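Undergrad: what follows is a predicted protein model with its sequence.
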Amino acid sequence: MKIPVIILSGFLGSGKTTLLLSLLKESKRRGLNPGVIMNELGAKDVDGYILQESTGTSVEKLLDGCICCSRKEELPRSLTALLVRRPDIIYIELTGVADPDEIAKSLLAPALADRLQLHHAITLLDAENALEYSSRFSSDKQLVRTLRKQITTADLIIVNKSDLVEPETLWKIEKMVYKQNSESEIVFTHYSQINLAPLLTGIAARGFKGSAPRRGPGNISGTVLQRMSTGSSSSGGSATAVHEPESGADGSFSQVAAVTLTVPPAWAGSLRQEELEQFLRQWGYSLLRAKGHVRLAGRDSVQLVQLAGNRISWEASSYPGQPYIVCIGLNLDEKAISHSWAALFS
Ligand SMILES: Nc1nc2c(ncn2[C@@H]2O[C@H](COP(=O)(O)OP(=O)(O)OP(=O)(O)O)[C@@H](O)[C@H]2O)c(=O)[nH]1
């Protein structure tokens, strides 16, 4: 029996890891042994740590580049390594700038096609920002193309973060999605909460001799509204650019780049929350996403900081390593960022 694979795609900060956490918990509740491949643009494994911390799942990590383009050859190797652990289901969480179609094609490689089967390609959209992407990223045509591919490839589109927008915005997003992909199911929700049962229907733990997995019958209702009938260095800086393509090349190859900033090991002080927020906000929309673990003045525990869609959130974490932040952006000035970061510790 082929092992079902679920691909999770969607722009930076749209809610992929939040959904993956729920899927892992539900998989474990059903007695399944899930395998996870997680790809990050940055050199640090923020989301993998979150998953391991809250679900105990071991994660095959592919850091520092995108597996649909610059690190394409690494995916088959990781899948083969994962298969040794005999998973009942495999989740692949892509970077926010990955083309899921390229990943789906990779599953058809001769060494994998007999063992794996694409079960669902899911794309998450950040309701607060999705309508702006084409105009905001007009300087990066590849990125705009990739974001379209994320919509056209999906058989399930989850419009997430509906708590941050008015209902009219959701209707506009539905219209935009429908123009590009009228076949997919679309649900609206927040914190990636959907009915997971249809996604996992028919998937059984190994040893079970039942029928092969099949796609669920739908009914993946969100919590807000359902689709209406539409008729149809010293600073520790290190950057990873997803390079511009040769014309006609496969992959996403956008100009989005990641800079990993670590706190100098010798520094014994702690940062103030406002200082760090100011550091993150000064780059405006060129900083698309930031995440990391830092120590703050006045807080006992390490803090997980996340910037997504220009919103910053903080939560306690038990990360034991050297504090860092990964910054991901479009046309980010790496030198200026590293310089400004170093100034925080001078
Ligand atoms: N307000 C709000 N915040 C959300 C929602 N879903 C996720 N978040 C927050 O948005 C941030 C990004 O969520 P993730 O699940 O990490 O997004 P992602 O797509 O995995 O992000 P990357 O993989 O880093 O691109 C986190 O701080 C989440 O807690 C939502 O529906 N509403």
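TA: In hand now; what should we look at?
Undergrad: residues of the protein that sit close to the ligand?
TA: The chain comes close to the ligand at residues 10, 12-18, 47, 96, 160-161, 163-164, 190-192, 289, 291, 306, 308, 313, as judged by C-beta under 6 Å from any ligand atom. Yep, even glycine has a C-beta here, placed from its N, CA and C like the rest.
Undergrad: are any of these buried, and if so which?
TA: 10, 12-18, 47, 96, 160-161, 190, 192, 289, 291, 306, 308 (16 or more other C-beta atoms under 10 Å).
Undergrad: give me the subset of these lying in helices.
TA: Residues of those located in helices (DSSP state H): 16-18, 47.
Undergrad: need those in TSV (columns: pLDDT).
TA: Listed next are these as TSV, based on pLDDT from 0 to 100:
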residue	pLDDT
Lys16	97
Thr17	95
Thr18	96
Asp47	79
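Undergrad: check those residues and tell me the two furthest apart.
TA: Thr18 and Asp47 (9.8 Å; C-beta to C-beta).
Undergrad: the helices in the stretch 151-300 of the chain, which residues?
TA: Ranges of helices in the stretch 151-300 of the chain, per DSSP state H, counting those that start in this stretch, are 167-180, 197-200, 273-281.
Undergrad: quick one, domains of this structure?
TA: Listed domain ranges for the chain are 3-226, 239-343 (source: automatic domain parsing).
Undergrad: deepest-packed of these, please.
TA: domain 3-226 (a mean of 19; mean count of other C-beta atoms under 10 Å).
Undergrad: gap between that one and the chain center?
TA: 8 Å (C-alpha atoms, centre = their mean, to the nearest Å).
Undergrad: where do the strands sit along the stretch 151-300 of the chain?
TA: 156-160, 185-188, 225-226, 239-241, 256-262, 287-294 (DSSP state E, counting those that start in this stretch).
Undergrad: I'd like those laid out as TSV, including mean pLDDT.
TA: Converted to TSV, the strands of the stretch 151-300 of the chain look like this (pLDDT from 0 to 100):
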stretch	mean pLDDT
strand 156-160	97
strand 185-188	96
strand 225-226	45
strand 239-241	43
strand 256-262	92
strand 287-294	94
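Undergrad: could you check how far Ile158 is from Ser270?
TA: 37 Å (C-beta to C-beta, to the nearest Å).
Undergrad: again with Ile90
TA: Taken as C-beta to C-beta, the span from Ile90 to Ser270 is 40 Å.
Undergrad: try Gln322
TA: 14 Å.
Undergrad: and if you look at Ile37?
TA: Computed as C-beta to C-beta, the Ile37 to Ser270 distance reads 35 Å.
Undergrad: with Tyr191 instead?
TA: Counting by C-beta to C-beta, the gap from Tyr191 to Ser270 is 30 Å.
Undergrad: now stretch 120-139 - C-alpha only, PDB.
TA: Only the C-alpha atoms of stretch 120-139 are listed here, as PDB (Å, rounded to 0.1, in the frame of the first residue of the first chain):
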ATOM      1  CA  HIS A 120      -3.900  16.200  -0.700                       C
ATOM      2  CA  ALA A 121      -2.200  19.400  -1.700                       C
ATOM      3  CA  ILE A 122      -3.400  22.000   0.800                       C
ATOM      4  CA  THR A 123      -2.800  25.800   0.500                       C
ATOM      5  CA  LEU A 124      -3.300  28.300   3.300                       C
ATOM      6  CA  LEU A 125      -4.000  31.900   2.500                       C
ATOM      7  CA  ASP A 126      -3.600  34.700   5.000                       C
ATOM      8  CA  ALA A 127      -6.900  36.500   4.800                       C
ATOM      9  CA  GLU A 128      -5.400  39.800   6.000                       C
ATOM     10  CA  ASN A 129      -2.800  40.000   3.200                       C
ATOM     11  CA  ALA A 130      -3.700  37.700   0.400                       C
ATOM     12  CA  LEU A 131      -5.500  40.300  -1.700                       C
ATOM     13  CA  GLU A 132      -2.400  42.600  -1.700                       C
ATOM     14  CA  TYR A 133       0.200  40.200  -2.800                       C
ATOM     15  CA  SER A 134       0.100  40.800  -6.500                       C
ATOM     16  CA  SER A 135       0.600  44.600  -6.100                       C
ATOM     17  CA  ARG A 136       3.000  44.400  -3.100                       C
ATOM     18  CA  PHE A 137       5.300  41.900  -4.900                       C
ATOM     19  CA  SER A 138       5.000  43.300  -8.400                       C
ATOM     20  CA  SER A 139       8.800  43.700  -8.500                       C
END
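Undergrad: looking at the helices of the stretch 151-300 of the chain, spot the one closest to Leu23.
TA: Using C-beta to C-beta, these put helix 197-200 closest to Leu23, at 7.3 Å.
Undergrad: that older thread, need the ones in helices among the buried ones among the residues of the chain next to the ligand in a markdown table (columns: distance to Met176).
TA: Output for those, formatted as a markdown table (distance: C-beta to C-beta, whole Å):
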| residue | distance to Met176 |
| --- | --- |
| Lys16 | 20 |
| Thr17 | 24 |
| Thr18 | 22 |
| Asp47 | 27 |
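Undergrad: and which of these is nearest to Gly65?
TA: Checking those against Gly65 with C-beta to C-beta, the nearest one is Asp47 at 15.2 Å.
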